[in-house]
Every structure is written in structure tokens, then in C-alpha cells.
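Q: Model the structure of this input:
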Amino acid sequence: MPDSLPEIRRTQPVTPEMAEFDQLYRQAFAQEKIKQSERFDELAKVLFAIELATLAAYFTLLPFLLEKQRDSLNGWVMIVMAVCWFFAFIATLIAFFPRKYHVMETVARRKTDSQPDLNRLTIEEFYEVSTHYKRNRLLFAIVLFLIALLAMPFSFLKLY
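A: So this is what the prediction gives:
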């Protein structure tokens, strides 16, 4: 029967080369926590650019579509679309410029598994809290932006 995951975790490196390889894995894992926050910053930049480009394309097409069918504009859908777009912009900006944290720069991690105190974060907790903060705002922005995108074609249909 193949080794299960808990058994693999309990095994010790057999050779010094394997111990060095395990240390490289640990370092890569620690660096991933740091890189996640940077990736969310990049996602915020891309999302903001897409939001602006889509909005510009919509308002560029608006006069041409209204020229053919003047009374086909659906006001309520446009209001929903505009509100969702606005709050998606705001959520993206908030994710890009997160709040300030009080970090204990000399403490890398707590000895216990207690909940982080936002007034006194360790370095590890800072990366975790900051990443969760950015992720939640960007998920909210993406959902709102998708609602706005889905509402876009319906803004030109008169629903009676």
C-alpha cells in the first residue's frame, strides 16, 4: 500500500542532500506567502485596467447604438450597471491601497496559534492578514464587475 500523506510528513530526511532539499521547500513555501500579496496587487492593476477599458468601450458604442434605436435604452438596468461598476472601481482601489497595519518588526511569528491582534501583528500575520484583505476586496470587485458586464447588453433592451 502506498505511503499516506501523514506518514510522509513524519519521515525524516535520510541524507544531508535530502535535508537541504527539504529546507529549499520550506523557503519556497515561506516565499509564496509573501508573493501572494504582490500577485493580488498585480491583479488589482489588471482588473482596474479592464474595468476602465470596458467602460470606455461601452460609452464609445453607446452613441452608435442609440442612433439606431433611440427609445430602446433601459434606465433601470443602466443604473444597476453604473452602480456595480462604481463599486467595483472603489473595491479595486481599496484593494490596491490597503490600510496600514501595526507590525512588530522584530517578531517573525507567534509561538501559539492564537488569533492575530490587528494592533500588534507579527511579520507572518501581516502577510496573511494583508493577503486576505486584498483577496476579499478583489473578489467583491470581480463579482460586481461581472454583474455590470452581464447587465450591459440588457441596457439596450426595453423590457415591457
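Q: I'd guess residue 156 is in a strand, am I close?
A: No: Residue 156 is assigned coil when assessed by DSSP: H, G, I helix; E, B strand; the rest coil, not a strand.
Q: just checking, residue 121 touches residue 129?
A: Yes: contact criterion Cβ atoms under 8 Å: residue 121 and residue 129 qualify, at 6.2 Å. Quick note: C-beta positions are derived from backbone N, CA and C, even for glycine.
Q: Find residues that contact each of the two.
A: residue 101 (Cβ atoms under 8 Å, 6 or more residues apart in numbering).
Q: if I look at residue 146, how far off is residue 88?
A: For residue 146, the distance to residue 88 equals 9 Å [Cβ to Cβ, to the nearest Å].
Q: The two: which has the busier surroundings?
A: For residue 146 and residue 88, the more surrounded residue by other Cβ atoms under 10 Å is residue 88, and the numbers stand at 25 against 12.
Q: Quick check: which element contains the more buried one?
A: If you go by DSSP states H and E, residue 88 is part of helix 75-96.
Q: Show me what that helix is packed against.
A: helix 16-68, helix 123-154 (3 or more Cβ pairs under 8 Å, 6 or more residues apart in numbering; DSSP states H and E).
Q: Residue 95 is nearest to which of those?
A: helix 123-154 (3.6 Å; Cβ to Cβ).
Q: Pull out the buried positions in the closest one.
A: Using 16 or more other Cβ atoms under 10 Å as the test for burial, helix 123-154 gives 124-127, 129-131, 133-135, 137-138, 140-142, 144-145, 147-149, 151-152.
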